[in-house]
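Peer 1: Would you be able to build a 3D model of this:
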Amino acid sequence: MRTSSIADAKNNLSQLIHQLETGEAIHLTRYGKPVAVLISEHQYQSSIAPNKSLNSAILNWRSQLGESTDIGFTNNELQALRKESGTGREFAREE
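Peer 2: Numbering: from 1, shown residues only. All right, here's what the predicted structure looks like:
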C-alpha cells in the first residue's frame, strides 16, 4: 500500500486517483502518522455490499490477502491442530 502526505496528495491528486483505479489503496499521513486511506470506487462498493453468507465473506477476505500476509497460522500448524482435535473433516477450498 502506498503512503502519501496530505500535502503531497493535494498537489498530486489526479496522479493518486490513477493509482487508485489500478486497485492500489493509498495511506494519507499527517506528520508521518496514518490518518486516512484512499480506495477506489470498486473497493469501496465491495466493502459496503452486504455479504450473502459467512462463507462468501470469508472467501472475499481471503481473496484480498496477499501470499505474504500473516494471518496467524501456517497450513502445517492448521493441519496439526485439526489432527489433535480428532473432530476434523475433509475440506477443499475452491479457487
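
Peer 1: Now do the helices in this structure.
Peer 2: 6-11, 13-21, 41-48, 54-64, 75-85 (DSSP state H).

Peer 1: hey, least reliable of these by pLDDT?
Peer 2: Note on the helices of the chain: lowest mean pLDDT is at helix 75-85, with a mean of 74.

Peer 1: so what secondary structure elements neighbour that helix?
Peer 2: Packed against helix 75-85 by the contact rule (3 or more C-beta pairs under 8 Å, 6 or more residues apart in numbering; DSSP states H and E) you find no helix or strand. All C-beta spots, glycine's among them, are computed from the backbone N, C-alpha and C.

Peer 1: Just the buried positions in it, please.
Peer 2: For helix 75-85, the neighbour count (16 or more other C-beta atoms under 10 Å) marks no residue as buried.

Peer 1: So which residue is dead centre in the chain?
Peer 2: In the chain, the centroid-proximal residue (C-alpha atoms, centre = their mean) is residue 64; its distance is 4.2 Å.
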